[in-house]
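Trainee: sequence and predicted model, in that order:
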Amino acid sequence: MLRYAVVGAGAVGCFYGIRLAAAGADVQFLLRHDVDVVRAMGLTLTSPEGDLHLAVPRIAASWAQLEPCDVLLVATKATANARVLAELAGQADRLLGVDGTVLLVQNGIGCEPAFAQAAGGRAVLGGLAFLCAQRRSPGVVAHLDFGALTLAAHAPGERPAGVTDRMRSVQADLALASTPALLDDDLVRARWRKLMWNVPFNPLSVILDASTAELMADPATVALVGRVMAEVAGAAAAEGRPLPDALVADLLAATARMAPYETSMKLDADAGRPLEVEVMLAEPLRRAERAGVAMPTVAALHDQLAFLDRRIAGRGVRSQSPPPRLCADAPDA
């Protein structure tokens, strides 16, 4: 198995990291908080598929304490990317060999090129987590539903990169960890597909203060979600990445079957943390504008969410999302 280092040991990073470690992989976890607690109590994943506990996890309290690895699994929120990119640029040569890989498991679209540059041109994979999981307490993550990870490779110019050997190796490790991984030959198309769910459900969960179950219980809101999904599909097609016609119905059906869930963005808003407005809404809007496609409903969601993000910033949290010039996380990570 490959050697992994998990940067961003929250719900997503711990879900995949704990499963890989329990299956026998060499996994390090970089923690910014609760280091002493986790070293004393270990890491725990509760799951309907079976609980796991790492009694003595490998913990690093800083980037300098991380040891060389094959795959640097970055599962931080995109709002932390400036800090993470600065650390990566200074540590990439020490942590990653010439065949080392950054696996970026984040929401949104368009972040991989910056990570490729910070990693000195090393391979970057995009990871799209179709996962319902929440951090319950220091060192404890609850897995609620789903869990598959889609892998796709970044290539210069955002061209389709095909399926790489490193993608297959990560997939094989995840299979040993009883976690499905799907391989996609086009990263940009895969990110647009994930945005089909994230763009409506994350903002609406914050704006309407509602869980996915509450959103799906109201016919008018379901219709609104469908309109947003249609706009996302139109922007993807305008970028040359058409998505299946049945995807809207499939995603709505999957969400209706999902355990009641509060999205990652709602949890951030409730905790007074910055919201991923930039990568989840602003960047898709910019791409649509460049492609000559309007996304009026998405633009309205952006404006409302950006207001809420600025209001959070007014309470002492720095805003990450200056509004862009606009046209006239299946379950999130």
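Mentor: It's in. Residues are numbered from 1 along each chain as shown.
Trainee: buried residues, stretch 231-245. List them.
Mentor: Neighbour counts over stretch 231-245 (16 or more other Cβ atoms under 10 Å) mark 231-236, 238-239, 241, 243 as buried. (Glycine included, C-beta is placed from N, CA and C.)
Trainee: closest to residue 124 out of those residues?
Mentor: residue 241 (18.5 Å; Cβ to Cβ).
Trainee: can you tell me, leaving aside adjacent residues, what's nearest to the closest one?
Mentor: Among residues not flanking residue 241 along the chain, residue 189 sits closest, at 4.0 Å (Cβ to Cβ, 6 or more residues apart in numbering).
Trainee: same thing with residue 244?
Mentor: Nearest residue to residue 244, sequence neighbours excluded (Cβ to Cβ, 6+ apart): residue 250, at 7.9 Å.
Trainee: next secondary structure after the strand or helix carrying the one you found?
Mentor: Here residue 250, judged by DSSP states H and E, is contained in helix 247-257. Per DSSP H and E, the first helix or strand lying C-terminal to helix 247-257 is helix 264-270.
Trainee: list the buried ones in that following helix?
Mentor: Residues of helix 264-270 classed as buried by neighbour count (16+ other Cβ under 10 Å): 264-269.
Trainee: elements contacting it?
Mentor: In this structure, helix 264-270 packs against helix 187-207, with contacts taken as 3 or more Cβ pairs under 8 Å, 6 or more residues apart in numbering; DSSP states H and E.
Trainee: got the angle for the helix it packs on vs helix 247-257?
Mentor: Per axes from the mean of the first three to the mean of the last three Cα atoms, to 10 degrees, the angle that helix 187-207 makes with helix 247-257 is 50 degrees.
Trainee: any idea how far the spatially most central residue of the chain lies from residue 24?
Mentor: Taking Cα atoms, centre = their mean, the centroid of the chain lies closest to residue 106, which sits 2.4 Å from it. Separation of residue 106 from residue 24 (Cβ to Cβ, to the nearest Å) stands at 26 Å.
Trainee: got it, and residue 274?
Mentor: Here residue 274 is placed at a distance of 36 Å from residue 24 (Cβ to Cβ).
Trainee: over to residue 181?
Mentor: Applying Cβ to Cβ to residue 181 and residue 24 gives a distance of 17 Å.
Trainee: specify which residue of those two has the higher count of neighbours.
Mentor: Taking other Cβ atoms under 10 Å, residue 181 and residue 24 do not tie; residue 181 has more neighbours (20 against 11).
Trainee: so what's that one up against?
Mentor: Residues near residue 181 by Cβ atoms under 8 Å, 6 or more residues apart in numbering: 148-151, 170-171, 174-175.
Trainee: does residue 126 count as helix, strand or coil?
Mentor: Following DSSP: H, G, I helix; E, B strand; the rest coil, we place residue 126 in the strand state.
Trainee: tell me the bridge partners for it.
Mentor: For residue 126, the beta-bridge partners are residue 104, residue 152 (DSSP bridges).
Trainee: would you enumerate the residues in contact with it?
Mentor: Counting by Cβ under 8 Å, 6+ apart, residue 126 makes contact with 104, 112, 151-154, 187, 190-191.
Trainee: give the buried residues for stretch 83-96.
Mentor: Of the residues in stretch 83-96, 84-85, 87-88, 91-92, 95-96 count as buried by neighbour count, 16+ other Cβ under 10 Å.
Trainee: which of the residues you listed fall in strands?
Mentor: Judged by DSSP state E, the subset of the buried residues of stretch 83-96 located in strands is residue 96.
Trainee: residue contacts, residue 45?
Mentor: Listed by Cβ under 8 Å, 6+ apart, the contact set of residue 45 reads 14-15, 18-19, 51-53, 141-143.
Trainee: now residue 74
Mentor: Residue 74 is in contact with 7-8, 84, 88, 102-106, 115, counting by Cβ under 8 Å, 6+ apart.
Trainee: taking the buried residues of stretch 231-245 one by one, which sit in helices?
Mentor: Of the buried residues of stretch 231-245, the ones assigned to helices by DSSP state H are 231-236, 238.
Trainee: okay if I get those as CSV plus pLDDT and distance to residue 44?
Mentor: Below are those laid out as CSV (pLDDT from 0 to 100; distance: Cβ to Cβ, whole Å):
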residue, pLDDT, distance to residue 44
231, 98, 40
232, 98, 36
233, 98, 39
234, 98, 43
235, 98, 40
236, 98, 38
238, 98, 45
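Trainee: that concludes my questions; thank you for your assistance.
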